[in-house]
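**Q** Would you be able to build a 3D model of this:
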Amino acid sequence: MTRCWPPSKPPRPRSPCVCAIFRGCRCATRAPVRLPPGPTIDRFDLFRPVRFHPLRACVMSRFILLRTFLLAALALLAFAGAGVISAAMPATAHAAIIDRVVAQVNDEIVTLYELENEARTYLVQQGRSARVLENPERRDEVLREVLDDLVNRLLINQAAAEVGESVSDEEVNEWMRALRQQQGLDEQQFMQMVAQYGIDFETYREVVRDNLLRMRMVSLSGRSATVADSEIDSIYRRRHGSSGTERYIRVRHILVEVDGEGEAAEAAARQRASELRAMVEEGADFAEVAREHSEGPGQDQGGMLGEFRRGQLESTFEQAAFAMEPGQLSEPVRTPFGYHIIEVVESEERVAQAAAEQRARIRAELQEQAMNRQIEAYLQTLRAKAYVDIRY
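**A** Just a heads-up that it's a prediction; the model follows:
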């Protein structure tokens with residue numbers, strides 16, 4: 001949202017040598033506000049793996065975005081390799097690209113340099129190829145999505161600074177201890193698990209800090225994420241009935257994203273998905289087709305998403321997947337992420353957890369959804385009061 005009035009102070013550009021480091025609040029904390037208990041996961045993700053994923057276990061923001069500490073020279077080399085900056089370009093042209101302002105949020109700015117690095121990190125952590133940024137249309141789509149989240153993070157940090165709120169190191173440590181205990185990991189195992197996802201541990205701590213601050217500010221705004229027992233009862237009956245078992249499936253997919261808007265873009269994506277499905281039907285290896293052509297999570301793993309029970313997948317995807325038997329190949333399935341070709345690799349019925357555990361799990365899921373809705377509402381309120389100028 002762009003305002004016609006200027007901010008009270010000139011924008012503060014941030015050094016390109018520390019590309020995506022937003023100044024965190026280090027103000028004196030007022031009376032502590034109780035943070036929501038336990039790890040929460042972003043429901044915007046396509047899937048919620050049963051296995052521990054350190055990023056999905058801490059991120060409440062719309063996208064999984066990491067803070068990276070990159071030297072300017074390394075970043076320039078990465079850009080040059082991707083065709084963003086030509087090796088023959090003069091230094092002044094390099095500086096112009098790096099310093100180009102793509103957004104202003106009150107008295108702070110976001111540069112193209114920061115945005116490019118955040119986008120690349122986002123794609124890598126989602127298991128997607130950074131080659132997406134070489135396609136002009138796809139590049140713009142990804143950068144706009146990432147920029148939206150960067151703006152949200154600045155708004156949260158600024159609002160927290162105004163009221164003197166911050167998240168202490170001890171609060172971050174306490175949250176991470178709770179997560180380790182929940183996963184049955186000691187500190188060394190936990191750090192190794194984080195490293196397996198290519199995440200610097202200190203960077204991970206800052207992601208945790210950001211998202212705890214986001215939840216704290218929502219709580220301070222007077223919003224709550226309450227869940228009625230009747231909602232829990234309804235979902236429990238729908239999932240488990242009286243059988244005492246629940247089905248787990250191991251699933252993989254090929255995703256074709258929709259480039260642009262309108263029926264033409266929809267038709268093109270649907271046709272492309274049908275063509276990829278036909279390749280598999282005619283004998284091509286599913287995993288190889290996914291590695292070469294999929295645009296979604298699990299691309300580098302041959303489209304493998306992992307093992308899931310009901311309630312862990314995007315609703316349309318879940319409905320299609322749980323209606324299939326192992327070895328079946330779905331027709332193109334449309335979700336908010338694009339068109340999927342789904343294959344169920346394995347299926348197994350297992351004894352369900354005790355009713356109390358199941359209900360607690362359902363309550364946590366519903367509270368998480370409610371918290372995400374409250375975060376969105378809070379961010380809309382912040383945007384309405386802020387000077388936000390998007391220039392990309």
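**Q** Tell me how the chain divides into domains.
**A** Domain assignment for the chain by automatic domain parsing gives 1-241+355-392, 245-351.
**Q** Turn those into JSON lines, including mean pLDDT and mean neighbour count.
**A** The way it works is simple: take the backbone N, C-alpha and C, and place the C-beta from them, glycine included. As requested, the domains of the chain are exported to JSON lines (pLDDT from 0 to 100; neighbours: other Cβ atoms under 10 Å):
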{"stretch": "domain 1-241+355-392", "mean pLDDT": "68", "mean neighbour count": "16"}
{"stretch": "domain 245-351", "mean pLDDT": "92", "mean neighbour count": "17"}
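**Q** helices or strands up against whichever strand in the chain runs longest?
**A** Ranked by residue count and defined by DSSP state E, the top strand of the chain is strand 338-351. Under the contact criterion of 3 or more Cβ pairs under 8 Å, 6 or more residues apart in numbering; DSSP states H and E, strand 338-351 touches strand 245-256, helix 263-281, helix 315-322, strand 333-335.
**Q** Output the ones you listed in TSV, with distance to Gln192 appended to each entry.
**A** Output for those, formatted as TSV (distance: least, Cβ to Cβ, whole Å):
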stretch	distance to Gln192
strand 245-256	24
helix 263-281	35
helix 315-322	31
strand 333-335	33
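**Q** and of these, who's closest to Glu118?
**A** strand 245-256 (21.6 Å; Cβ to Cβ).
**Q** Verify the contact between Ala320 and Pro332 for me.
**A** No - applying Cβ atoms under 8 Å, one finds Ala320 not in contact with Pro332, separated by 9.9 Å.
**Q** Report the set of residues contacting both of the two.
**A** Residues within reach of Ala320 and of Pro332 at once, by Cβ atoms under 8 Å, 6 or more residues apart in numbering, are His340.
**Q** dump the residue contacts of His340.
**A** Contacts of His340 (Cβ under 8 Å, 6+ apart): 253-256, 273, 296, 317, 320, 330, 332-333.
**Q** which of these lies closest to Ala356?
**A** Phe317 (28.7 Å).
**Q** Which helix or which strand is home to Met193?
**A** helix 187-196 (DSSP states H and E).
**Q** right, I mislabeled it, should have said Leu143
**A** In the assignment (DSSP H and E), Leu143 maps to helix 136-163.
**Q** For that helix, which helices and strands make contact with it?
**A** Short answer (3+ Cβ pairs under 8 Å, 6+ apart): helix 136-163 packs on strand 101-105, strand 108-111, helix 112-125, helix 201-220, helix 355-385, strand 388-390.
**Q** Indicate which one of those is closest to Ala265.
**A** Minimum separation from Ala265 across the helices and strands packed on helix 136-163 (Cβ to Cβ) falls at helix 112-125, 20.8 Å.
**Q** Disregarding flanking residues, what is the spatial nearest neighbour of Glu231?
**A** Leu366 (5.9 Å; Cβ to Cβ, 6 or more residues apart in numbering).
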